[in-house]
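>>> dropping a prediction and its sequence here:
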Amino acid sequence: MTEPPCPAWLSFTLTNIFRRMAHHPVRLLGPFLKEGDTALDIGCGPGYFTIPMARMVGDRGWVVAVDIQREMLERTRRSAERAGVAGRVRLHLAAEDSLGLDLKADFALVFWMAHEVLRLEHFFGEILAALKPEGSLLLVEPKVHVPKRRYAEIVAAAKSVGFTSHQTDPVRLSRAVLLCPGATSRSRG
Ligand SMILES: C[S@@+](CC[C@H](N)C(=O)[O-])C[C@H]1O[C@@H](n2cnc3c(N)ncnc32)[C@H](O)[C@@H]1O
């Protein structure tokens, strides 16, 4: 069962200062991003991770913020402008059943959104196609909405299209895994 997308009016639950204590963007994503990278924030919502990601990739890098809700992308755009990083953030409106990406990225983040996706295999297949062979995907799901069994199904869908799973640091309130294209062994960073 999938859940309906988190509505834009609930954005404050994703951007409030208390979240920073549980999900510090630099601590969580620092090991995966470097200057000049192209990064995807898939299901970006109001841009909680997009803005720090844009700082981490620097002015030679890009962050593509992807969402199915125009209002979420608009919130992300406003935050990027306020933070002075709008020049390195590209907003991408996805269709409900297709991301429609046309690029090769170094890193993709799917944070607290995969349980809202209708066709998981198709979704992960599109991410795989949008990653460089040495790229990686950090998948994080909320413990409250996503019980262990559902989480295992989500990870299995990613593996079925060609990702391999790797242990990563725990993320508070969440279940997390690092997914890499192909059968290569991989350590973080
Ligand atoms: C719970 S919010 C999480 C936002 C953000 N990742 C965070 O952690 O702050 C989930 C977001 O995923 C988006 N979403 C749901 N299904 C999607 C899909 N198939 N493609 C792209 N975005 C999607 C929703 O519109 C919503 O903005």
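It's in.
>>> rest of the way, CA atoms for contacts and neighbours
Fine.
>>> need the next SSE after the longest strand anywhere in the chain, C-terminal direction.
Looking across the chain with DSSP state E, the single longest strand is strand 131-142. Sequence-wise, the next helix or strand downstream of strand 131-142 (DSSP states H and E) is helix 148-160.
>>> and A80, that one's in a helix?
Yes - counting by DSSP: H, G, I helix; E, B strand; the rest coil, A80 falls inside a helix.
>>> dump the residue contacts of the residue lying closest to A129 once chain neighbours are set aside.
Excluding the flanking residues, the one nearest A129 by CA to CA, 6 or more residues apart in numbering is K104, at 7.7 Å. Shown in contact with K104 (CA atoms under 8 Å, 6 or more residues apart in numbering): 38, 129-132.
>>> format those residues as JSON lines; extra columns: distance to C44.
JSON lines is the format used below for those (distance: CA to CA, whole Å):
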{"residue": "T38", "distance to C44": "15"}
{"residue": "A129", "distance to C44": "19"}
{"residue": "A130", "distance to C44": "16"}
{"residue": "L131", "distance to C44": "17"}
{"residue": "K132", "distance to C44": "20"}
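>>> if any of the residues you listed are buried, put those into a PyMOL selection.
A single PyMOL command selects the buried members of those (16 or more other CA atoms under 10 Å):
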select buried, resi 38+130+131+132
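>>> still on that earlier bit, next, the buried residues of the longest strand of the chain.
Buried residues in strand 131-142, counting neighbours by 16+ other CA under 10 Å, are found at 131-132, 135-142.
>>> count of neighbours near A94?
Residues lying near A94 (other CA atoms under 10 Å) number 18.
>>> what pLDDT does it get?
For A94, the model assigns a pLDDT of 97.
>>> just the residues contacting the longest strand of the chain, thanks.
For strand 131-142, using CA under 8 Å, 6+ apart, the contacting residues are 103-115, 151, 171, 173-182.
>>> give me the buried entries from the residues you listed.
Buried among the contacts of strand 131-142 by 16+ other CA under 10 Å: 104-115, 151, 171, 174-181.
>>> so which of the residues you listed are also by the ligand?
111-113 (CA under 6 Å from any ligand atom).
>>> rewinding a little: convert the C-alpha atoms of the longest strand of the chain to CSV, please.
Extracted in CSV, the C-alpha atoms of strand 131-142 (Å, rounded to 0.1, in the frame of the first residue of the first chain):
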residue,chain,number,x,y,z
LEU,A,131,23.2,7.5,-11.8
LYS,A,132,26.8,7.3,-12.9
PRO,A,133,28.2,3.7,-12.5
GLU,A,134,30.2,4.9,-9.4
GLY,A,135,27.2,6.8,-8.0
SER,A,136,25.1,6.0,-5.0
LEU,A,137,21.6,6.3,-3.6
LEU,A,138,20.8,7.0,0.0
LEU,A,139,17.4,5.6,0.8
VAL,A,140,15.8,6.6,4.1
GLU,A,141,12.3,5.7,5.3
PRO,A,142,10.4,6.8,8.4
